[in-house]
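Engineer: Turn this into a structure:
(2 chains)
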Protein chains: 2
Amino acid sequence: MKPEFMQTALNLAKNSGDDIPVGALIVKNGEIIASAVNEREKRQNAVCHAEILAIQKACKRLNNWRLTDCEMYVTLEPCPMCASAILQSRIEKLYFGAYDIVNGALGSKCDMRIIMGINIDVLGGIMEQECTDLLKNYFKELRKC
Amino acid sequence: MKPEFMQTALNLAKNSGDDIPVGALIVKNGEIIASAVNEREKRQNAVCHAEILAIQKACKRLNNWRLTDCEMYVTLEPCPMCASAILQSRIEKLYFGAYDIVNGALGSKCDMRIIMGINIDVLGGIMEQECTDLLKNYFKELRKC
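Structural biologist: A predicted model of the protein is given here:
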């Protein structure tokens, strides 16, 4: 686990515009092969979470739906849809920043590894404070509108 | 529920090529607004299941990530990723054909409605025999290779 990758994901997340700020990237052999931010509002597309977009880009780059030997860094614990996509894409390690007690599907609300019977290494709470603060500030600003 | 929509989804599924044959369509006000087949192998993309592709097309068509008043017809019980996407996209009713005891996430293996706390109407087993036979024949042919 390299904290600088989470810092890169966090920097990406800061440019999410009107969307909930989440950044994700996929690393293979120490190299970032895909990165994305949450674009659900921007694209008006229900599945365009950062993790899904990053998986799609990585698959395209590798021309393979199996993301073997790949790791994902994401600033927020994935929701059930994204956690399932991560498990199905064969990503081997997942590092996330903020825990999501409402929708987090890798330990907080539920654990898709147990539900799907697919195990991968997951480490949460990386740069947790910075990742949580970014989300808190977003929702604080939203309430002002 | 209109069986002719499931028949249309089944006809689509028959043209899945090398992919596991699954067809999905989304109906709004009695009109098909999006349809897709499973293209995971064809596109080498881990998230390109029929349901995800249909949701993306419907969002684009309506220019809205909220698929309010929409129904999905799909030939196979959705996996956890797709079931979560369906729930998050606000699709109101889901009709599926074959049950999937291995990966089905709307009652068979697990129920994402309970896990996510989002309820929608789900009716499984529509044209079950035809939908099941299509999958069985696909896997039978695959084993011959």
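Engineer: can you pull the contacts of A:Glu51?
Structural biologist: By C-beta atoms under 8 Å, 6 or more residues apart in numbering or on different chains, the residues touching A:Glu51 are A:24, A:36, A:72, A:74, A:78, A:82, A:85-86. For every residue, glycine as well, the C-beta is placed using N, CA and C.
Engineer: switch the cut-off to 6 Å
Structural biologist: By C-beta atoms under 6 Å, 6 or more residues apart in numbering or on different chains, the contact set of A:Glu51 is A:24, A:74, A:78, A:82.
Engineer: Show me which of these is closest to chain B.
Structural biologist: A:Cys82 (8.2 Å; C-beta to the nearest C-beta).
Engineer: just to revisit the earlier point, going by neighbour count, which of the contacts of A:Glu51 comes out on top?
Structural biologist: Using other C-beta atoms under 10 Å in any protein chain shown as the neighbour criterion, A:Cys82 leads the contacts of A:Glu51 with 34 neighbours.
Engineer: Quick check, that one in contact with A:Ala50.
Structural biologist: No. Using C-beta atoms under 6 Å, A:Cys82 is not in contact with A:Ala50; the gap is 8.0 Å.
Engineer: buried set for the lengthiest helix in chain A?
Structural biologist: Longest helix of chain A, by residue count under DSSP state H: helix A:128-144. Neighbour counts using 16 or more other C-beta atoms under 10 Å in any protein chain shown place A:131-132, A:134-135, A:138 of helix A:128-144 among the buried residues.
Engineer: ditto for stretch A:48-66
Structural biologist: Neighbour-count burial for stretch A:48-66 flags A:48-59, A:62, A:65 (criterion: 16+ other C-beta under 10 Å).
Engineer: what's next to the longest helix of chain A, contact-wise?
Structural biologist: By C-beta under 6 Å, 6+ apart, helix A:128-144 touches A:10, A:13, A:21, A:75, A:97-98.
Engineer: With only the CA atoms kept, save it in CSV.
Structural biologist: Written as CSV, here are the backbone C-alpha positions of helix A:128-144 (Å, rounded to 0.1, in the frame of the first residue of the first chain):
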residue,chain,number,x,y,z
GLU,A,128,-9.3,8.6,6.6
GLN,A,129,-9.5,12.1,8.1
GLU,A,130,-8.7,13.9,4.8
CYS,A,131,-11.1,11.6,2.8
THR,A,132,-13.9,12.1,5.4
ASP,A,133,-13.4,15.9,5.6
LEU,A,134,-13.7,16.2,1.9
LEU,A,135,-17.1,14.5,2.0
LYS,A,136,-18.3,16.3,5.1
ASN,A,137,-17.4,19.7,3.5
TYR,A,138,-19.3,18.8,0.3
PHE,A,139,-22.5,17.9,2.2
LYS,A,140,-22.1,21.0,4.4
GLU,A,141,-22.0,23.2,1.3
LEU,A,142,-24.9,21.3,-0.2
ARG,A,143,-27.1,22.1,2.8
LYS,A,144,-26.4,25.8,2.3
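Engineer: Spell out which residues of chain A are next to chain B.
Structural biologist: Proximity of chain A to chain B, by C-beta under 6 Å from any C-beta of the partner chain, involves residues A:40, A:44-47, A:52, A:55-56, A:59, A:63-65, A:80-81, A:84-85, A:88-89, A:110, A:115-116.
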